[in-house]
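Enquirer: how does the following fold in three dimensions:
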Amino acid sequence: QVQLVESGGGLVQAGGSLRLSCAASGRTFSMYTMGWFRQAPGKEREFVAAISKGGTGTYYADSVKGRFTISRDFAKNTVYLQMNSLKPEDTAVYFCAADYRSTVQGMTEINSVDYWGQGTQVTVSS
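Expert: So this is what the prediction gives:
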(Lines give C-alpha, C1' and ligand atoms only; values in the text may rest on other atoms or scores of the structure.)
Protein backbone atom coordinates (compact mmCIF):
# COMPACT_ATOMS: atom_id res chain seq x y z
CA GLN A 1 0.00 0.00 0.00
CA VAL A 2 1.27 3.45 -0.95
CA GLN A 3 -0.23 6.68 0.29
CA LEU A 4 0.36 9.87 -1.67
CA VAL A 5 -0.17 13.36 -0.28
CA GLU A 6 0.10 16.37 -2.58
CA SER A 7 0.81 19.96 -1.59
CA GLY A 8 1.84 23.23 -3.20
CA GLY A 9 -1.21 24.14 -5.21
CA GLY A 10 -2.68 27.62 -5.21
CA LEU A 11 -3.60 30.70 -7.19
CA VAL A 12 -1.04 32.26 -9.50
CA GLN A 13 -1.09 34.78 -12.33
CA ALA A 14 -0.39 33.74 -15.90
CA GLY A 15 3.34 33.55 -16.49
CA GLY A 16 4.03 32.65 -12.89
CA SER A 17 5.39 29.49 -11.30
CA LEU A 18 4.37 26.89 -8.75
CA ARG A 19 6.02 23.76 -7.40
CA LEU A 20 3.87 20.82 -6.45
CA SER A 21 5.09 18.17 -4.04
CA CYS A 22 3.89 14.63 -3.49
CA ALA A 23 5.02 12.80 -0.38
CA ALA A 24 4.83 9.01 -0.59
CA SER A 25 4.54 6.70 2.38
CA GLY A 26 6.25 3.36 2.72
CA ARG A 27 9.64 1.91 1.90
CA THR A 28 8.83 1.00 -1.68
CA PHE A 29 9.04 4.45 -3.26
CA SER A 30 11.80 3.40 -5.67
CA MET A 31 9.68 0.52 -7.00
CA TYR A 32 7.17 2.87 -8.61
CA THR A 33 7.12 4.99 -11.69
CA MET A 34 5.70 8.28 -10.45
CA GLY A 35 3.64 10.80 -12.31
CA TRP A 36 1.27 13.71 -12.34
CA PHE A 37 -2.15 13.95 -13.94
CA ARG A 38 -4.64 16.81 -13.97
CA GLN A 39 -8.36 17.25 -14.34
CA ALA A 40 -10.06 20.48 -15.32
CA PRO A 41 -13.77 21.09 -14.64
CA GLY A 42 -15.92 19.17 -17.09
CA LYS A 43 -12.93 17.39 -18.64
CA GLU A 44 -11.37 13.98 -18.32
CA ARG A 45 -8.28 13.39 -16.24
CA GLU A 46 -5.18 13.72 -18.40
CA PHE A 47 -1.54 12.78 -18.17
CA VAL A 48 0.97 15.55 -17.42
CA ALA A 49 4.37 14.04 -16.63
CA ALA A 50 6.10 10.89 -15.40
CA ILE A 51 9.49 9.94 -13.98
CA SER A 52 11.10 6.53 -13.99
CA LYS A 53 11.75 4.35 -10.95
CA GLY A 54 15.42 5.28 -10.98
CA GLY A 55 14.75 8.94 -11.63
CA THR A 56 16.73 9.15 -14.84
CA GLY A 57 13.91 9.02 -17.36
CA THR A 58 11.08 11.50 -17.79
CA TYR A 59 8.15 11.93 -20.14
CA TYR A 60 5.82 14.89 -20.65
CA ALA A 61 2.57 15.71 -22.31
CA ASP A 62 3.10 17.96 -25.32
CA SER A 63 1.04 20.70 -23.67
CA VAL A 64 3.55 21.11 -20.81
CA LYS A 65 6.84 20.17 -22.47
CA GLY A 66 9.46 22.86 -21.92
CA ARG A 67 7.48 24.50 -19.11
CA PHE A 68 7.09 21.75 -16.49
CA THR A 69 9.80 19.62 -14.88
CA ILE A 70 9.23 16.46 -12.87
CA SER A 71 11.80 15.21 -10.36
CA ARG A 72 12.04 12.88 -7.39
CA ASP A 73 13.98 12.84 -4.13
CA PHE A 74 14.57 9.31 -2.85
CA ALA A 75 15.78 10.48 0.56
CA LYS A 76 12.49 12.30 1.11
CA ASN A 77 10.23 9.85 -0.77
CA THR A 78 8.89 12.86 -2.63
CA VAL A 79 8.15 13.68 -6.25
CA TYR A 80 7.95 17.26 -7.49
CA LEU A 81 6.39 19.08 -10.39
CA GLN A 82 7.96 22.45 -11.12
CA MET A 83 5.55 24.46 -13.25
CA ASN A 84 6.81 27.57 -15.01
CA SER A 85 5.22 29.95 -17.53
CA LEU A 86 1.80 28.92 -16.31
CA LYS A 87 -1.22 29.52 -18.52
CA PRO A 88 -4.92 29.79 -17.66
CA GLU A 89 -5.46 26.48 -19.43
CA ASP A 90 -3.21 24.82 -16.83
CA THR A 91 -5.97 25.41 -14.27
CA ALA A 92 -6.99 22.03 -12.87
CA VAL A 93 -6.82 19.70 -9.91
CA TYR A 94 -3.42 18.02 -10.07
CA PHE A 95 -3.08 14.42 -8.92
CA CYS A 96 0.04 12.50 -7.98
CA ALA A 97 0.15 8.89 -9.17
CA ALA A 98 2.21 5.76 -8.61
CA ASP A 99 2.47 2.92 -11.11
CA TYR A 100 4.31 -0.33 -10.37
CA ARG A 101 4.33 -1.90 -13.83
CA SER A 102 4.62 0.88 -16.38
CA THR A 103 7.50 2.73 -17.93
CA VAL A 104 7.23 6.50 -18.15
CA GLN A 105 5.53 6.22 -21.55
CA GLY A 106 3.17 3.54 -20.26
CA MET A 107 2.06 5.74 -17.41
CA THR A 108 0.09 7.94 -19.79
CA GLU A 109 -2.71 5.38 -19.43
CA ILE A 110 -4.91 6.25 -16.47
CA ASN A 111 -5.94 2.62 -16.01
CA SER A 112 -2.32 1.62 -15.34
CA VAL A 113 -2.07 3.74 -12.19
CA ASP A 114 -2.02 1.79 -8.94
CA TYR A 115 -2.31 4.62 -6.42
CA TRP A 116 -3.63 8.18 -6.51
CA GLY A 117 -3.24 11.16 -4.23
CA GLN A 118 -6.21 13.28 -3.20
CA GLY A 119 -5.35 16.14 -5.56
CA THR A 120 -4.34 19.77 -5.18
CA GLN A 121 -5.98 22.71 -6.92
CA VAL A 122 -3.96 24.91 -9.27
CA THR A 123 -5.65 28.05 -10.55
CA VAL A 124 -3.98 30.33 -13.09
CA SER A 125 -5.57 33.72 -13.57
CA SER A 126 -5.29 35.69 -16.81
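
Enquirer: skipping its backbone neighbours, what lies nearest the most centrally placed residue in the chain in space?
Expert: Among the residues of the chain, the one closest to the centroid is residue 36, at 2.0 Å (Cα atoms, centre = their mean). Residue nearest to residue 36 in three dimensions, not counting chain neighbours: residue 48, with 4.3 Å by Cβ to Cβ, 6 or more residues apart in numbering. Heads up, the C-betas are built off the backbone N, CA and C, glycines and all.

Enquirer: go on, residue 47?
Expert: Counting by Cβ to Cβ, 6+ apart, residue 47 lies nearest to residue 108, which is 4.3 Å off, once chain neighbours are set aside.

Enquirer: number of nearby residues for the one you found?
Expert: Residues near residue 108, counting by other Cβ atoms under 10 Å, number 18.

Enquirer: give me the distance between it and residue 50.
Expert: Residue 108 sits 7 Å away from residue 50, taking Cβ to Cβ, to the nearest Å as the criterion.

Enquirer: follow-up on the earlier one: hmm, the residue nearest to residue 36 is touching residue 59, no?
Expert: No: the criterion here is Cβ atoms under 8 Å, and residue 48 misses it with residue 59 at 9.9 Å.

Enquirer: those two: who's more crowded?
Expert: Higher neighbour count among residue 48 and residue 59: residue 48, with 25 against 20, using other Cβ under 10 Å.

Enquirer: check contacts around that one.
Expert: Residue 48 sits next to 35-38, 60-61, 64, 68, 81, 94 when contact means Cβ atoms under 8 Å, 6 or more residues apart in numbering.

Enquirer: please identify which helix or strand holds it.
Expert: strand 46-51 (DSSP states H and E).

Enquirer: which pLDDT value goes with residue 112?
Expert: Per-residue confidence at residue 112 stands at 90 (pLDDT).

Enquirer: who's residue 123 bridged to?
Expert: On the basis of DSSP bridges, residue 123 is bridged to residue 11.

Enquirer: does it touch residue 13 like I think?
Expert: No: using Cβ under 8 Å, residue 123 makes no contact with residue 13, being 10.1 Å away.

Enquirer: right, I'll leave it there.
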